[in-house]
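A.B. asks: no FASTA, just this:
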């Protein structure tokens with residue numbers, strides 16, 4: 001090393017090159033350079049925990065399974081759970097720290113230490129499985145208007161259906177009614193619980209589906225001036241009168257007038273009166289026959 005002008009130390013090029021070589025050797029064996037990239041790291045100086053498993057980077061770890069899929073089968077009120085869809089590998093041990101999903105019923109379950117039970121929501125609000133929507137013994141759905149679809153309503157809620165009935169001989173054919181009131185598609189199978197009304201019928205015209213055919217209903221006389229059919233199918237207007245005690249069919253004045261009319265035309269039927277209605281020849285013939 002030599003001193004330069006005005007007391008400034010001057011280092012030779014050779015010394016600087018030697019210093020750099022020594023520094024590079026030190027860095028490569030002890031520290032990474034500022035722009036260097038590590039080829040590999042053995043492990044972390046301080047291990048960390050991932051989901052309860054210690055990890056220091058020296059080896060792969062396997063996280064515990066939190067959700068387990070099962071398949072259930074119930075017989076005689078006893079439910080058995082299986083790990084496979086073919087239901088051949090029964091599961092007999094469960095973990096309280098795991099969530100179980102029954103793919104057969106779409107239920108979420110957890111192990112309470114004794115048995116698998118329905119898993120409560122995080123807010124403790126009971127949930128209805130998706131598998132119960134719109135099915136038998138399940139719950140009804142709502143459409144875009146917030147109403148239950150007609151297909152999920154009991155038949156008595158919408159139980160009258162307009163139809164058009166055509167008769168050919170003894171065969172009756174049923175057809176739907178379009179929005180314009182015209183004949184639509186044929187109805188080959190009806191629905192139990194519904195009443196089908198023929199919009200073109202002048203009398204009766206109500207039918208129910210028996211399960212195999214449409215059966216006419218409502219032919220009995222139940223009201224006054226009801227139209228009924230004769231043997232040829234022609235309508236007959238009849239009047240049905242129900243007599244009730246204490247309720248006369250006419251006023252007192254009308255009854256008195258009728259009685260007066262009867263009294264004026266009534267004659268006692270005596271023998272003399274009856275014989276007076278025949279001529280003498282007829283009476284003689286009658287008397288002879290009685291005497292003989």
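C.D. replies: Received the coordinates, thanks. On a predicted model such as this, the values are computed, not experimentally measured, just so you know. Numbers count the residues shown, from 1 in each chain.

A.B. asks: wait, residue 143 touches residue 149, no?
C.D. replies: Yes - with contact defined as CB atoms under 8 Å, residue 143 and residue 149 form a contacting pair (5.4 Å). To be clear about C-beta, it is placed using only N, CA and C from the backbone, and glycine gets the same treatment.

A.B. asks: now name the helix or strand holding the closest residue to residue 177 other than its chain neighbours.
C.D. replies: In this structure, residue 177 finds its nearest non-sequential neighbour in residue 162, 4.5 Å apart by CB to CB, 6 or more residues apart in numbering. Per DSSP states H and E, residue 162 falls inside strand 160-168.

A.B. asks: next, give phi and psi for residue 207.
C.D. replies: Phi and psi for residue 207, reported as degrees, to the nearest 10, are phi -140, psi 160.

A.B. asks: quick one, what contacts it?
C.D. replies: 163, 165, 174, 190, 195-198, 214-217 (CB atoms under 8 Å, 6 or more residues apart in numbering).

A.B. asks: just residue 163 next, same as before
C.D. replies: 174-177, 187, 196-199, 207.

A.B. asks: mark which of the residues you listed are buried, thanks.
C.D. replies: Neighbour-count burial (16 or more other CB atoms under 10 Å) applied to those gives 174-175, 177, 187, 196-198, 207.

A.B. asks: what ranges do the strands span in the stretch 1-150 of the chain?
C.D. replies: 2-3, 9-10, 48-50, 53-55, 67-75, 78-82, 99-102, 107-111, 116-118 (DSSP state E, counting those that start in this stretch).

A.B. asks: the buried ones among the contacts of residue 163: which two are farthest apart?
C.D. replies: 177 and 207 (13.8 Å; CB to CB).

A.B. asks: okay, the nearest residue to residue 58 once chain neighbours are set aside: pLDDT?
C.D. replies: Spatial nearest neighbour of residue 58, excluding adjacent residues (CB to CB, 6+ apart): residue 43 at 3.8 Å. Here the pLDDT value assigned to residue 43 is 79.

A.B. asks: could you do residue 54 as well?
C.D. replies: pLDDT, residue 54: 87.

A.B. asks: list the contacts of it.
C.D. replies: By CB under 8 Å, 6+ apart, the contact list for residue 54 reads 47-48, 61.

A.B. asks: in CSV, list these along with pLDDT.
C.D. replies: Listed next are the contacts of residue 54 as CSV, based on pLDDT from 0 to 100:
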residue, pLDDT
47, 86
48, 88
61, 82
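
A.B. asks: re the thing from before, any idea how many residues pack against the residue nearest to residue 177?
C.D. replies: 11 (other CB atoms under 10 Å).

A.B. asks: list the contacts of it.
C.D. replies: 177, 197, 199.

A.B. asks: thinking again about what came up before, quick one: buried residues of the strand holding residue 162?
C.D. replies: Here strand 160-168 shows 161, 163-165 as buried, counting by 16+ other CB under 10 Å.

A.B. asks: and these as a markdown table, adding distance to residue 79 and pLDDT?
C.D. replies: Formatted as a markdown table, those follow (distance: CB to CB, whole Å; pLDDT from 0 to 100):
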| residue | distance to residue 79 | pLDDT |
| --- | --- | --- |
| 161 | 43 | 87 |
| 163 | 48 | 93 |
| 164 | 53 | 93 |
| 165 | 52 | 93 |
